[in-house]
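>>> fold the following and give me the result.
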Amino acid sequence: MANKEFIEFVPGIISSTTEDRHGHEVPKEALEKWAGQIRDESNVIPLTFHHSSEPVGEWVDARVISHGNSAFLSALAGIYEGHQDAVERINDGEFGGLSIEGVKYENVTEDEFESTDDLITLSVEGSQAGFVDNLIKDREVSYRFRIQKSQVGVALFEIVLENIDGIAQALIMIHAYNKYQRKVFEGDSDTKEESNKAEIQLPDGTEINLSKTSAKQVIVTLEDSGYEVMINPEEAETLSKQYEMAIEEKATTDD
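Residues are numbered from 1 along each chain as shown. I've put the predicted structure just below:
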């Protein structure tokens, strides 16, 4: 922080265990984790407006404050030089509140990622974020992971198109996970819809909803978009069934 030029510091409550105006709730453990990440000077947690890509400052300190049955993430943001308007907009109450977006890079440096042209964008419902994060990381896929302040909100994975077979395998496993989720929440239309958000967009604009398509169609779509995948469509169906059975067996064992 000593090398940064801040024109002003702005305090704020950026998340809590209570439901916010978007219907988001965050566990206290997640608040503690985010507070630690903000205090870690090796991390840069940007402050943006409406989660845009243009940072106007960064979060520099944070603490979790408990009151009754609730906990709040109280933080301090440093505003960059040249963004006096940001201070005025925050102080005028334009945004009604502040929030946080977590960003991390896996199997790739930030500079390497920023120089990449071709990316697959994968968005999943927040409760799937940890599962998907571990899944694609273990397949040595390079990506950037972003999630907004709520673990209930959408998590965004921007995957570098370099290990297409690892990516394809991960997508098949995510597809299998969502098939299992559909069975678990069968009959509960609201929960079913919320728990099965898993969509990808290819660089050519092609979109695939992993919750509403077959594993076979995932591979066919990748091939139609010009990607050479070692797994053929029939093998994808077999793998998806195997993964689904493994997920169901693990869930039964855990219970």
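>>> now the helices for the stretch 151-255 of the chain?
Using DSSP state H, counting those that start in this stretch, the helices of the stretch 151-255 of the chain run over residues 164-184, 189-195, 215-224, 233-254.
>>> which one of the ones you listed lies closest to Ala86?
helix 189-195 (33.4 Å; Cβ to Cβ). In short, each C-beta sits where N, CA and C put it, glycine included.
>>> separation between Gln201 and Asn209?
10 Å (Cβ to Cβ, to the nearest Å).
>>> Lys28 - nearest residue in space that isn't next to it in sequence?
Nearest non-adjacent residue to Lys28, counting by Cβ to Cβ, 6 or more residues apart in numbering: Ala71, 4.4 Å away.
>>> what secondary structure does that neighbour sit in?
strand (DSSP: H, G, I helix; E, B strand; the rest coil).
>>> hang on, isn't it packed against Thr17?
Yes. Shown here, Ala71 and Thr17 form a contact pair, counting by Cβ atoms under 8 Å, at 4.7 Å.
>>> shared neighbours of those two, anything?
Lys28, Leu31 (Cβ atoms under 8 Å, 6 or more residues apart in numbering).
>>> between the two, which one's more packed in?
Taking other Cβ atoms under 10 Å, Ala71 and Thr17 do not tie; Ala71 has more neighbours (21 against 18).
>>> quick check: beta-bridge partners of the residue most central in space within the chain?
Residue closest to the average C-alpha location in the chain (Cα atoms, centre = their mean): Ala155, at 2.5 Å. The partner list for Ala155 in beta bridges (DSSP bridges) reads Val124, Ile147.
>>> Phe145 is in contact with that one, correct?
Yes. Contact between Ala155 and Phe145 holds when scored by Cβ under 8 Å: they sit 7.1 Å apart.
>>> what is in contact with these two at once?
By Cβ under 8 Å, 6+ apart, the residues touching both Ala155 and Phe145 are Ala129, Asp133.
>>> can you tell me how far Leu210 is from Arg144?
From Leu210 to Arg144 the distance is 19 Å (Cβ to Cβ).
>>> more crowded one of the two?
Comparing Leu210 with Arg144 by other Cβ under 10 Å, the one with more neighbours is Leu210, at 25 against 19.
>>> residue contacts, that one?
Leu171, Ile174, His175, Asn178, Ala198, Glu199, Ile200, Val218.
>>> picking up where we left off before, any chance of the helices of the stretch 151-255 of the chain in TSV, plus mean pLDDT?
Shown next, in TSV, are those (pLDDT from 0 to 100):
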stretch	mean pLDDT
helix 164-184	88
helix 189-195	47
helix 215-224	95
helix 233-254	88
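>>> between those, which gets nearest to Asp61?
helix 189-195 (33.9 Å).
>>> perfect, I'm done here.
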